[in-house]
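Visitor: structure here, sequence nowhere to be found:
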Ligand SMILES: NC(=O)c1ccc[n+]([C@@H]2O[C@H](COP(=O)([O-])OP(=O)(O)OC[C@H]3O[C@@H](n4cnc5c(N)ncnc54)[C@H](O)[C@@H]3O)[C@@H](O)[C@H]2O)c1
Ligand SMILES: O=c1ccn([C@@H]2O[C@H](COP(=O)(O)OP(=O)(O)O[C@H]3O[C@H](CO)[C@@H](O)[C@H](O)[C@H]3O)[C@@H](O)[C@H]2O)c(=O)[nH]1
């Protein structure tokens, strides 16, 4: 099949490359000429394991190309996939400007029947809005469908080539059949729904996963007070198939370009129809507070005042295996620390450049290695669980630090890693692993 993918961000690029890998002829279009120039020269503007090699192979096979010319690409295609951004407005509502503009541009290029699929995450009703925009610009026949995307950054290629399901929201049997055929090699589990339900499946899925994370983070906070271990609790819960063991890793809360934005958008979607989504509001509130546990733990160790201390930070991206720092908890934690007179020394394996341009002009020493960041610091906070950090020899680390204080915001270290060290160690919801911290097992009241 012949496809155009409009927008070569994470979703557009990964799905474009993967549709080409399935044997389709794909043109990835972006309005950012720098991005297209990079792609045309064999570069990949994002860090995503496996993507560069797969893109190169498909370009070489003549199935994949990159272009700034949306009109020409659309004219050559039977299917046009919209994968532009839907960033949050200050109200939390999704900004649909890019969707509207893309729809109008596509309509202007129509030259016969096409399927227009919206892969961007959009509020319920947006596909109908896209249909209206296209209809108002062209008399050419088309079907518009919802095709929500569920890939995760860091494992995007694997997620796309081995999806749990493909969701297609369609009110045309013809378009649904084409989508079944397009995705047939990926999975047998192609779920065809009405358009509004497909749009809702995407938000409900992200909101549910965010709820699991806030739930386990609150359990972790309680574990710290009652002397239980959240990792054992999560494992024990996860064996129950009704619960499942995924998304039960306690930490400093979720970040990224999706959960924070999509939870806020779903609260707005509900609010627009006079429904207060109380549960999801709490999920967001818990998430917002969870990152401050790192700072509260530092304050406990240093007796309240952190002014003048030097704190090392390991990990700036919102999760490992990506250079994406959108809504990374590290942004707020570091801004808080520097705003309170703390000297911050920060290191990330690949996200430092992105972080620096998002963070702005605060006083931070950007370091080239994990040990360089730790050198001379009063304490070290691990904020992203990059594999590299758990490989560091803790005996070496404790001598590099001014004081062996380690706040592990992601439970990256195990009891045996710490056994022969003198660390003052706090993790998340594992009070029995705390070291060097004078906190007796609590006496519980009944
Ligand atoms: N990032 C993820 O992991 C992920 C996963 C699932 C769904 N989503 C959803 O997919 C959508 C895209 O997310 P993203 O992270 O890939 O966005 P992004 O911001 O990284 O990329 C969007 C791209 O679209 C381009 N663009 C905007 N308007 C255009 C136009 N008219 N013509 C051509 N190009 C245009 C921009 O230049 C940009 O390169 C969002 O709705 C997001 O919520 C994202
Ligand atoms: O048990 C867990 C799992 C995740 N996280 C955090 O949650 C955030 C999001 O992680 P993840 O879901 O792995 O990454 P994303 O790339 O943001 O992917 C989510 O958002 C995408 C965009 O909508 C969806 O397509 C995916 O299905 C959905 O998992 C990160 O900050 C993680 O550190 C936890 O704290 N604990």
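Guide: Thanks, I have it. Remember, it's a predicted structure, so these values are computed and weren't measured experimentally. Numbers count the residues shown, from 1 in each chain. Ligands and ions are numbered 1, 2, ... in the order given.

Visitor: make it CA atoms for all contacts and neighbour counts henceforth
Guide: Will do.

Visitor: who does the host helix or strand of residue 81 touch, helix- and strand-wise?
Guide: Residue 81 is part of strand 79-82 when elements are defined by DSSP states H and E. In terms of contacts (3 or more C-alpha pairs under 8 Å, 6 or more residues apart in numbering; DSSP states H and E), strand 79-82 is packed against strand 2-6, strand 114-118.

Visitor: setting aside sequence neighbours, what's the nearest residue to residue 335?
Guide: Spatial nearest neighbour of residue 335, chain neighbours left out: residue 362 (7.5 Å); criterion: C-alpha to C-alpha, 6 or more residues apart in numbering.

Visitor: surely that neighbour and residue 332 touch.
Guide: No. Taking C-alpha atoms under 8 Å as the definition, residue 362 is not a contact partner of residue 332, at 11.9 Å.

Visitor: show me the contacts for residue 149.
Guide: Counting by C-alpha atoms under 8 Å, 6 or more residues apart in numbering, residue 149 touches 11, 119, 120, 121, 202.

Visitor: repeat that for 6 Å
Guide: residue 119 (C-alpha atoms under 6 Å, 6 or more residues apart in numbering).

Visitor: neighbours of residue 257, how many?
Guide: 18 (other C-alpha atoms under 10 Å).

Visitor: check the one 10 residues further on too.
Guide: The criterion is other C-alpha under 10 Å. On that basis, residue 267 has 21 neighbouring residues.

Visitor: which secondary structure element is home to residue 267?
Guide: Counting by DSSP H and E, residue 267 is part of helix 259-272.

Visitor: list the buried residues in that helix.
Guide: Of the residues in helix 259-272, 259, 260, 261, 262, 263, 264, 265, 266, 267, 268, 269 count as buried by neighbour count, 16 or more other C-alpha atoms under 10 Å.

Visitor: what about it, average pLDDT?
Guide: Averaged across helix 259-272, the pLDDT comes to 96.

Visitor: stretch 390-400 now?
Guide: 96.

Visitor: ok, and what's touching it?
Guide: Under C-alpha under 6 Å, 6+ apart, the answer for stretch 390-400 is 375, 404.

Visitor: name the residues of that stretch that are buried.
Guide: 394, 397, 398, 400.

Visitor: what helix or strand is the closest residue to ligand 1 within the stretch 301-446 of the chain located in?
Guide: Here the stretch 301-446 of the chain gets closest to ligand 1 at one residue, residue 324, 8.8 Å apart by C-alpha to the nearest ligand atom. Assigned by DSSP H and E, residue 324 falls within no helix or strand.

Visitor: report pLDDT for it.
Guide: 95.

Visitor: next one: residue 362
Guide: Note on residue 362: pLDDT of 72.

Visitor: burial count for it?
Guide: When neighbours are counted by other C-alpha under 10 Å, residue 362 comes out with 12.

Visitor: a markdown table for the buried residues of helix 259-272, including distance to ligand 1?
Guide: Output for the buried residues of helix 259-272, formatted as a markdown table (distance: C-alpha to the nearest ligand atom, whole Å):
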| residue | distance to ligand 1 |
| --- | --- |
| 259 | 9 |
| 260 | 10 |
| 261 | 8 |
| 262 | 7 |
| 263 | 11 |
| 264 | 12 |
| 265 | 10 |
| 266 | 12 |
| 267 | 15 |
| 268 | 15 |
| 269 | 15 |
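
Visitor: what about residue 25, distance to ligand 2?
Guide: From residue 25 across to ligand 2, the span is 24 Å (C-alpha to the nearest ligand atom, to the nearest Å).

Visitor: okay, how far is it across stretch 150-170, tip to tip?
Guide: 18 Å (C-alpha to C-alpha, to the nearest Å).

Visitor: next, the buried residues of that stretch.
Guide: For stretch 150-170, by 16+ other C-alpha under 10 Å, it's 150-154, 156-161, 163, 165-170.

Visitor: check contacts around residue 63.
Guide: 20, 25.

Visitor: re earlier: surely the residue nearest to residue 335 is in a helix?
Guide: No. Counting by DSSP: H, G, I helix; E, B strand; the rest coil, residue 362 is located in no helix; its state is coil.

Visitor: what residue lies at the spatial centre of the protein?
Guide: Closest residue to the average C-alpha location of the chain: residue 256 at 3.7 Å, with C-alpha atoms, centre = their mean.

Visitor: ok, now how distant is that residue from ligand 1?
Guide: Distance from residue 256 to ligand 1, by C-alpha to the nearest ligand atom: 8 Å.

Visitor: right, I'll leave it there.
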